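[1] Provided below for reference: sequence and predicted model.
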Amino acid sequence: MSSTVIKGGTIVTGDLSYAADVRIEGGRITEIGPNLSGDTVLDATGAYVMPGGIDPHTHLEMPFMGTYSADDFESGTRAALSGGTTMVVDFALPSPGQGLLDALQMWDNKAGRANCDYSYHMAVTWWGEQVFDEMKTVIEDRGINTFKHFMAYKGALMVNDDELFASFNRLAELGGIAMVHAENGDVVAELTAKLLAEGNTGPEAHAYSRPAQVEGEATNRAIMIADMAGVPLYVVHVSSEDAHEAIRRARSLGKRVWGEPLIQHLTLDESEYFHPDWDHAARRVMSPPFRNKKHQDSLWAGLMSGSLSVVATDHCAFTTEQKRYGIGDFSKIPNGTGGLEDRMPMLWTHGVATGRITPNEFVAITSTNIAKILNCYPKKGAILVGADADIVVWDPTKEKTITAGSQQSAIDYNVFEGHKVKGLPRFTLTRGHVAVHDGEIRTQEGHGQFVKRPGNGTVNRALSTWKDLTAPRPVERTGIPATGV
Ligand SMILES: NC(=O)NCCC(=O)O
Ligand SMILES: [Zn+2]
Ligand SMILES: [Zn+2]
């Protein structure tokens, strides 16, 4: 079996940095130590050898708002690898009335083109006996332990509180994790109608229709419902102090809640929506919208202090032509932005290079934490013997200016256009295959494999033990008074 050795670098994991070489055989790490030799040598001198990034939030070729997101599993995973991300987790989305297994079949048909490994979260977009029954198969046979619920997109993907509670209870029983898109969809729908009626039709009104309070309220509601159901909760795209505050408080009270900010919310702000160019503003329409500096500072502080756990992208890219469906009515602009290729360099530049986070924290929040939460650690998210050789050799001196002209994503713009980044992959390896070689893209369509993630991880087991212990019980009484006759 031929071997590859990454030589002369500093290994950086979620908790440790040390000098060592890494040998790879058969797609896995087989040895870590000094002076290793192999058939192929990758020079990591002056670079960090880190677990490849895991982006736990993508929407590739997703049917949404009357169209499909433009990056599919091929271009999306090519973009991911180019930026040092070696695994993506996409959302399999049943349409109303469609079974979960049927939706997974559709996702399987698309994902065969992936250049890197991938997994799915299952979305619960409606509630009924079929969903209840199929959840068991999804977890136990398909190895998908995370289920997303949309509290927004009223009339489309949104589920109500009774459905949330039913689904969360079922997940608690099956050892799954609940995820939420936390925005109060009823209030958003009312505000949208009011804004349109008042002549607020431009992309800036998208932000007006989704103030931070709608996110804070829904986050808190989801936390309380999850607590009553006894299920761990993962809140996607946390964009505001209001939502972060609810998560911070819940965690400090011992509730099992994780929060995921996006690189876009950390580095771009609401002024983008006030740009005089309609296209510029519409290209940045996503939910929740970009916020102000106060909210950004809160998200950074959450990552630094540990109250927020993971940085994702919610990569859901639409072309300018698709965004123009919403000319004259902001509510028809397809919601979503790209970021897969830029998450790691942007976070390094604005996080590590500014001193907000350490290189080890960078690895934790881009890879290791989510591998643990999703129950695929240490196959993913680790530099350890036996782990998959999903590795990025990170050159902290390499620089570029982000521009749509040189990106892998299929869309015609980039929301980070013109941003200078310092810190880029020298090599990206996906299960041992060198997919990025000093700036040259050598991806292999179809190389990606599905990553199974069993249910009943350690947090589920701990939480159900605790919930059993503290469950309401009848009080044993002696001397019960006789009822009067
Ligand atoms: N976030 C967004 O605007 N689009 C993708 C779908 C979602 O995650 O809500
Ligand atoms: Zn969402
Ligand atoms: Zn999303």
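    Happy to help now that I have it. Ligands and ions are numbered 1, 2, ... in the order given.
[2] check contacts around the closest residue to residue 461 other than its chain neighbours.
    Closest residue to residue 461 apart from its sequence neighbours, by C-beta to C-beta, 6 or more residues apart in numbering: residue 175 at 7.7 Å. Every C-beta, even on glycine, is put in place using the N, C-alpha and C of the backbone. In this structure, residue 175 makes contact with 139, 145, 455, 456, 457, 460, 461, 464, judged by C-beta atoms under 8 Å, 6 or more residues apart in numbering.
[3] Just give me the neighbour total for residue 66.
    As a burial measure, residue 66 scores 9 neighbours (other C-beta atoms under 10 Å).
[4] neighbouring strands for the helix or strand encompassing residue 41, and are they parallel or not?
    Under the criterion of DSSP states H and E, residue 41 resides in strand 40-43. Sheet pairing here is set by DSSP bridges, and for strand 40-43 it gives strand 3-7 (parallel).
[5] any idea which helix is longest in this structure?
    helix 212-229 (DSSP state H).
[6] hmm, back to that, check which element follows the strand holding residue 41 along the chain.
    strand 48-51.
[7] In PDB, could you pull the C-alpha coordinates for the strand holding residue 41?
    C-alpha atoms of strand 40-43 as PDB (Å, rounded to 0.1, in the frame of the first residue of the first chain):
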ATOM      1  CA  THR A  40       5.000  10.700  -1.300                       C
ATOM      2  CA  VAL A  41       6.200  13.600   0.900                       C
ATOM      3  CA  LEU A  42       4.200  16.800   1.400                       C
ATOM      4  CA  ASP A  43       6.400  19.500   2.800                       C
END
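[8] Which residues does that strand contact?
    2, 3, 4, 5, 6, 7, 8, 393, 427, 434.
[9] quick one on the thing from earlier: whatever helix or strand comes next after the longest helix of the chain: partners in the sheet, and parallel or antiparallel?
    For helix 212-229, the succeeding helix or strand toward the C-terminus, using DSSP H and E, is strand 233-235. Applying DSSP bridges, strand 233-235 is found paired with strand 177-181 (parallel), strand 257-259 (parallel).
[10] which residue packs closest to the residue in the stretch 1-150 of the chain positioned nearest to ligand 1, ignoring adjacent ones?
    Closest to ligand 1 within the stretch 1-150 of the chain is residue 59: 5.2 Å, counting by C-beta to the nearest ligand atom. Nearest residue to residue 59, sequence neighbours excluded (C-beta to C-beta, 6+ apart): residue 316, at 3.8 Å.
[11] Quick check: that neighbour vs ligand 1, distance?
    The gap separating residue 316 from ligand 1 is 4 Å, by C-beta to the nearest ligand atom, to the nearest Å.
[12] mind listing what the closest residue to residue 308 other than its chain neighbours touches?
    Leaving aside its sequence neighbours, residue 308 sits nearest to residue 302 (C-beta to C-beta, 6+ apart; 3.3 Å). Contact partners of residue 302, counting by C-beta under 8 Å, 6+ apart, are 238, 244, 247, 248, 259, 261, 308.
[13] Could you dump the residues you listed into CSV with secondary structure added?
    Shown next, in CSV, are those (DSSP: H, G, I helix; E, B strand; the rest coil):
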residue, secondary structure
238, coil
244, helix
247, helix
248, helix
259, strand
261, coil
308, coil
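[14] got those residues as JSON lines, with distance to residue 97, neighbour count and pLDDT columns?
    Converted to JSON lines, these look like this (distance: C-beta to C-beta, whole Å; neighbours: other C-beta atoms under 10 Å; pLDDT from 0 to 100):
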{"residue": "238", "distance to residue 97": "30", "neighbour count": "30", "pLDDT": "99"}
{"residue": "244", "distance to residue 97": "35", "neighbour count": "25", "pLDDT": "99"}
{"residue": "247", "distance to residue 97": "33", "neighbour count": "26", "pLDDT": "99"}
{"residue": "248", "distance to residue 97": "38", "neighbour count": "20", "pLDDT": "98"}
{"residue": "259", "distance to residue 97": "32", "neighbour count": "26", "pLDDT": "99"}
{"residue": "261", "distance to residue 97": "33", "neighbour count": "28", "pLDDT": "98"}
{"residue": "308", "distance to residue 97": "35", "neighbour count": "27", "pLDDT": "98"}
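[15] What is the most widely separated pair among those residues?
    Maximum pairwise distance in those, criterion C-beta to C-beta, is 12.6 Å, between 248 and 261.
[16] Is residue 324 in contact with residue 285, as I believe?
    No: with contact defined as C-beta atoms under 8 Å, residue 324 does not count as touching residue 285 (11.5 Å).
[17] When those two are compared, which one has more neighbours?
    More neighbours surround residue 285 than the other of residue 324 and residue 285, with 25 against 16 (other C-beta under 10 Å).
[18] Hmm, residue 205 and that one touching each other?
    No: Residue 285 lies out of contact with residue 205 (C-beta under 8 Å); the separation is 9.9 Å.
[19] any shared contact partners between those two?
    In contact with both residue 285 and residue 205: residue 330, using C-beta under 8 Å, 6+ apart.
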